[in-house]
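Peer 1: mind looking at a prediction? Sequence and model below.
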Amino acid sequence: MALTNLALTNLALTAETPRPRAALKDLCISFPRPDLPPLEVVSGISLDVAEGEFVAVVGPSGSGKSTILRAICGLLKPSGGQVLVDGKAVAAPPPQVGFMFQKDALLPWRTVAENIRVGAELGGTPAAEQAAQVARLIKLLRLEGFENAWPKQLSGGMRQRVSLGRLLAYRPSLMLMDEPFGALDYQTKIAMGLELLRVWEAERRSIIFVTHDIEEAVALADRVVVFSARPARILAEYKVHLPRPRHMRAMRSDPAFTELTEAIWSDLALPD
Ligand SMILES: Nc1ncnc2c1ncn2[C@@H]1O[C@H](COP(=O)(O)OP(=O)(O)OP(=O)(O)O)[C@@H](O)[C@H]1O
């Protein structure tokens, strides 16, 4: 009888707490240095990212934000703790994880459509369906008319839209984004953020989005995680309860938006 109750309790727990898409468990990362003690970069970070959740990470420069993303996509072995993706310990790059950096990594010898198609090929879209998938993404990302353009003929914002298209064509269930819009001018950055939200609202992938920009983090995410200076620890976490779909202008005058950005500003001890 006791066993049955236990089994039922476990079942109930499983039903109520779905497995996170990504889980960091007491993650520690250090880098060896010649003639010096190892550089401790990440110190005991635990973080779950749910399916379809948009998590932003902010923190001081050099606090280990990019390092954590590299550990999640299996490019770096932690010195302690664990990284799990879909419940499995990460040893090599997991196929369900896609990456986007500040600098686009487009293939200069391929057109816009061909660059996006690379994602579709790598993601295993059947050859017969790739053209339709690419066309859908071109439309979604407002790149119509530029299908046959070369990367060098595009603006920075357009190149990042192509990068996003390639990432989405790959159909990762977890997207790691490392300041993807950090190199863009203010207006383009806002426009790209909104573009990303539109796509995310349609496709609901899990996202871990690293940024220096507190307002960008609050504007986009479901939850903002604030890292300390190196070695990174979690200083604070905030659920963002702003309504979706998010409208930049309305949001910026919402007191909840201002309160949250102020709180994070204080956590990071930024000057007045
Ligand atoms: N492969 C490596 N070997 C040695 N040290 C490294 C390595 N990679 C990163 N580091 C160090 O780890 C620290 C954190 O770097 P990381 O790039 O993760 O910071 P970050 O928070 O992303 O910074 P930023 O916001 O400036 O991009 C830095 O001090 C960096 O020098």
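Peer 2: Received it, and whenever you're ready, just let me know what you need. Residues are numbered from 1 along each chain as shown.
Peer 1: may I have the biggest helix by length in the chain as CSV, with CA atoms only?
Peer 2: When the chain is parsed with DSSP state H, its longest helix is helix 186-203. Below are the C-alpha coordinates for helix 186-203, written out as CSV (Å, rounded to 0.1, in the frame of the first residue of the first chain):
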residue,chain,number,x,y,z
TYR,A,186,20.0,51.0,-31.3
GLN,A,187,17.1,51.0,-33.7
THR,A,188,18.0,47.9,-35.5
LYS,A,189,18.6,46.1,-32.2
ILE,A,190,15.1,47.0,-31.0
ALA,A,191,13.7,45.9,-34.3
MET,A,192,15.6,42.6,-34.2
GLY,A,193,14.4,42.0,-30.6
LEU,A,194,10.8,42.4,-31.7
GLU,A,195,11.5,40.2,-34.7
LEU,A,196,12.9,37.5,-32.4
LEU,A,197,9.8,37.7,-30.1
ARG,A,198,7.5,37.4,-33.0
VAL,A,199,9.3,34.3,-34.2
TRP,A,200,9.6,32.9,-30.7
GLU,A,201,5.9,33.4,-30.0
ALA,A,202,5.1,31.4,-33.1
GLU,A,203,7.6,28.6,-32.5
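Peer 1: tell me the strands beside the following helix or strand past it, with direction?
Peer 2: Going down the chain from helix 186-203, the next helix or strand is strand 206-210, by DSSP states H and E. Sheet pairing of strand 206-210 (DSSP bridges) gives strand 54-58 (parallel), strand 174-178 (parallel).
Peer 1: dump those strands into a markdown table; add distance to residue 159 as well.
Peer 2: (Glycine included, C-beta is placed from N, CA and C.) A markdown table is the format used below for the strands paired with strand 206-210 (distance: least, C-beta to C-beta, whole Å):
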| stretch | distance to residue 159 |
| --- | --- |
| strand 54-58 | 22 |
| strand 174-178 | 15 |
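Peer 1: figure out which of those strands is closest to residue 76.
Peer 2: Among the strands paired with strand 206-210, strand 174-178 comes nearest to residue 76, with 12.4 Å by C-beta to C-beta.
Peer 1: what about the strands in the stretch 51-200 of the chain?
Peer 2: Along the stretch 51-200 of the chain, the stretches classed as strands by DSSP state E, counting those that start in this stretch are 54-58, 80-85, 88-89, 97-100, 174-178.
Peer 1: among the ones you listed, which is the most enclosed?
Peer 2: Highest mean neighbour count among the strands of the stretch 51-200 of the chain (mean count of other C-beta atoms under 10 Å): strand 54-58, with a mean of 26.
Peer 1: tell me what the longest strand anywhere in the chain is packed against?
Peer 2: What stands out as the longest strand in the chain, according to DSSP state E, is strand 36-49. Helices and strands touching strand 36-49, by 3 or more C-beta pairs under 8 Å, 6 or more residues apart in numbering; DSSP states H and E, are strand 22-33, helix 65-72, strand 80-85, strand 234-239.
Peer 1: contacting residues around stretch 110-120?
Peer 2: Outside of stretch 110-120, the residues within contact range by C-beta atoms under 8 Å, 6 or more residues apart in numbering are 98, 106-107, 129-131, 133-134, 137-138, 143, 146-151, 154, 162, 165-171.
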